[in-house]
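> Here is my input; please provide its structure:
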Amino acid sequence: MAIIEIKVPDIGDFDEVAVIELMVKVGDVVKTEQSLITVESDKASMEIPSSAAGVVKELKVSLGSKVKEGSVVLLLEVAGDAAAAAPLAAPAAAVAAAPVVAAAVVPELQPSAGVSGPLEVRVPDIGDFKDVAVIELLVQVGQSVSLEQGLITVESDKASMEIPSSVAGVVKELKVKLGDKVNIGDLVAILEGVGTAAPVATPAAAAPVAAAPASVAPALALSAVAAAPAAMPAHQPGAAPVGLPHASPSVRKFARELAVPLNEVKGSGPKGRITQADVQAFTRAVMSGAVQTVAAAAQNKPAAAGDGAALGLIPWPKVDFAKFGPIERKDLSRIKKISGANLLRNAIMIPAVTNHDDADITDLEAFRVSTNKENEKSGVKVTMLAFLIKACVAALKKYPEFNSSLDGDALVYKNYWHIGFAADTPNGLMVPVIKDADKKGIFQISQEMSDLAKKARDGKLSPAEMSGATFTISSLGGIGGRYFTPIINAPEVAILGVCRSTTEPVWDGKAFQPRLMLPLSLTWDHRVIDGAAAARFNVYLAQILGDFRRVLL
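Reported below is the predicted structural model:
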């Protein structure tokens, strides 16, 4: 028995790569070419294989260590014959560690000078991958390429990699297009080459990374799991990697674009694999303030900063507007600051859908006008919004999921009907609440709305008068517009938007009749409500507004 050093072989043009995974431990029995560690550069990650079989006696690297060609990975106890076949070699002799494989491959890969004429570039040995998709074309016809320059990028469910050119020359023809599936040996491009060539090994003569000469090592090395940068903006710069999160290259790229630290994301896929949906959910949670990144928490910085800095996004543009003309600067009101944060959270966290419909309120409007004329001396003016509140209560009773709230994995159905209505004030949007609207008549609701709206304009609304709503109505009837998409007021699960009614020609089966139509925009939380229920709610609400006697049914 003898102790030998297993060193990092020629891994191409990489220097000081980080160890991101230890694949063996002391006492493990390893085979020749079995992977020992995974290393990562800023462009690729790759597995370093063992050049001999034996028992691991000592690991010479740890997570986060920096290694390069010739660095000792571990000490291996091997049999006498194996020791002779794998001596304590200098870095330059790393390829000779597997003599049988090298003998089969090296003759085919010897550079040949002065190659000219059409040359085929094929997919080299890219590891245990089949039918990988072409996701990017890096060159075009007529372009000059150098030796080892990337031609295309391919991606499997485990890795993405660039396929390099084995010759220098001019691209005469591309044999693949976006979306094509390729395998080892498939023709990528035809080049008109003059100069040094490095013919690509055929599948039968394919060699492991450790046995490949430097000219093809970078391409073979990229057959490992695709790499993410060693430190994203959301991470603390300089911190050593502590393992490669389980995610596909496309998800890694998506996370990098959002500057999401993947090691802080919990995967919901098989074996904890991180999906794009997981990254999106993490982003929403950070933006809403429900979660802080490690970097943000360390800096004691609010995670829901309005400029997106908590996610490591590029800074909000800083512009000196005064350079372009006169300006006036005013601070946001306290109400707008508070409501803005809530609106941002609700817009991000709720999967909202909006249904648009119209209600025929011709008869209801005529009744409202006549009622106000008959009760002029009472001092109470009945508005269409009061009728809407009563109509919504009836619809909420028929479809109770619209009067509910999510509480974890449970749905809380409320047996009370408190209706909020958005009030536009000089200081911003406020939402007073009509409590127990089901127990109040139209005159009482109208009076209460008038009183609450005045308090809102005067800035005298109490917190109690703005809390407890189970459903909200946002009316733009006094301003105009046709349809819009109101943002749900969490923890409610729906909100109704209404705009100004207009007289339109409506076919009654015999002729077009002028009818007063009220636009309805119902936004609902898709986690609680489905499209069919939303459509039924809108239809029923329109029926009540069309014939208010239905409220009594």
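
> Output the longest strand belonging to the chain.
strand 512-525 (DSSP state E).

> Would you quantify the distance from K181 to G150?
In this structure, K181 and G150 are 19 Å apart, going by Cβ to Cβ, to the nearest Å. All C-beta atoms are positioned from the backbone trio N, CA, C, and that covers glycine.

> try E173
On the measure of Cβ to Cβ, E173 and G150 end up 17 Å apart.

> Can you show me the strands along the stretch 1-150 of the chain?
In the stretch 1-150 of the chain, the segments counted as strands under DSSP state E, counting those that start in this stretch are 2-7, 17-22, 29-30, 35-40, 45-49, 54-59, 66-67, 72-78, 112-115, 118-122, 132-137, 144-145, 150-155.

> who's in contact with the last one?
Spelled out, it's strand 150-155. Contacts with strand 150-155, where a contact means Cβ atoms under 8 Å, 6 or more residues apart in numbering, come from 121, 123, 126, 132-139, 145, 160-165, 171, 176, 182, 188-189, 226, 249-250.

> now do 6 Å
Strand 150-155 is contacted by residues 132-139, 162-165, 188-189, 249 when judged by Cβ atoms under 6 Å, 6 or more residues apart in numbering.

> on that earlier part again, for the helix or strand following the longest strand of the chain, the distance to its chain's centre please.
Using DSSP states H and E, the helix or strand that follows strand 512-525 towards the C-terminus is helix 531-546. On the basis of Cα atoms, centre = their mean, to the nearest Å, helix 531-546 sits 34 Å off its chain's mean C-alpha point.

> Helix 531-546 to strand 512-525, inter-axis angle?
Helix 531-546 runs at 140 degrees relative to strand 512-525, counting by axes from the mean of the first three to the mean of the last three Cα atoms, to 10 degrees.

> same for helix 531-546, what does it pack against?
Judged by 3 or more Cβ pairs under 6 Å, 6 or more residues apart in numbering; DSSP states H and E, helix 531-546 is in contact with strand 352-360, helix 384-398, strand 512-525.

> Just give the closest residue to I434, not the sequence neighbours.
What sits nearest to I434 in space, not counting adjacent residues and going by Cβ to Cβ, 6 or more residues apart in numbering, is I419, at 4.9 Å.

> Any regions of the stretch 151-300 of the chain where pLDDT drops low?
Residue ranges of the stretch 151-300 of the chain with pLDDT under 70: 156-160, 194-244, 249, 257, 271, 287-289, 295-300.

> what ranges do the helices span in it?
Shown for the stretch 151-300 of the chain, the helices assigned by DSSP state H, counting those that start in this stretch span residues 217-221, 249-258, 276-288, 294-298.

> The stretch 351-500 of the chain too?
362-374, 384-398, 442-458.

> Now render those helices as TSV, adding mean pLDDT, distance to A259 and mean neighbour count.
As requested, the helices of the stretch 351-500 of the chain are exported to TSV (pLDDT from 0 to 100; distance: least, Cβ to Cβ, whole Å; neighbours: other Cβ atoms under 10 Å):
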stretch	mean pLDDT	distance to A259	mean neighbour count
helix 362-374	94	53	14
helix 384-398	96	42	22
helix 442-458	93	40	18
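
> Using JSON lines, lay out the ones you listed together with distance to G481.
Formatted as JSON lines, the helices of the stretch 351-500 of the chain follow (distance: least, Cβ to Cβ, whole Å):
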{"stretch": "helix 362-374", "distance to G481": "18"}
{"stretch": "helix 384-398", "distance to G481": "15"}
{"stretch": "helix 442-458", "distance to G481": "20"}
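
> Of all those, which one comes closest to I544?
Smallest distance to I544 across these (Cβ to Cβ): 4.4 Å, for helix 384-398.

> Report the angle between that closest one and helix 531-546.
130 degrees.

> Apart from its chain neighbours, what residue comes closest to G27?
Per Cβ to Cβ, 6+ apart, closest to G27 is V56, 6.4 Å.

> correct me, but the one you found touches M23?
No. Applying Cβ atoms under 6 Å as the test, V56 and M23 come out as separate, 10.5 Å apart.

> Look at these two and report which has more neighbours.
V56 (20 against 15; other Cβ atoms under 10 Å).

> Is the more buried one bridged to anything, and to what?
For V56, the beta-bridge partners are L76 (DSSP bridges).

> Contact partners for it?
Here V56 is in contact with 24, 26, 28, 74 (Cβ under 6 Å, 6+ apart).

> if you set the cut-off to 7 Å instead, what comes out?
24-28, 30, 74, 76 (Cβ atoms under 7 Å, 6 or more residues apart in numbering).

> From D331, how far off is I338?
In terms of Cβ to Cβ, I338 sits 14 Å off from D331.

> For these two, indicate the residue with more neighbours.
Between I338 and D331, counted using other Cβ under 10 Å, the more crowded position is I338 (12 against 7).

> you'd agree that one is in a strand?
No. The assignment for I338, made by DSSP: H, G, I helix; E, B strand; the rest coil, is helix rather than a strand.

> Could you tell me the model confidence score at it?
As predicted, I338 sits at a pLDDT of 76.

> ok, now how distant is it from G428?
Using Cβ to Cβ, I338 is found at 9 Å from G428.

> likewise F443?
Shown here: F443 relative to G428, a distance of 29 Å by Cβ to Cβ.

> got the contact list for N538?
N538 touches 355, 357, 520, 522, counting by Cβ under 7 Å, 6+ apart.

> what's the closest of the residues you listed to G468?
Nearest to G468 among the contacts of N538, with distances taken as Cβ to Cβ, is L522, at 21.2 Å.
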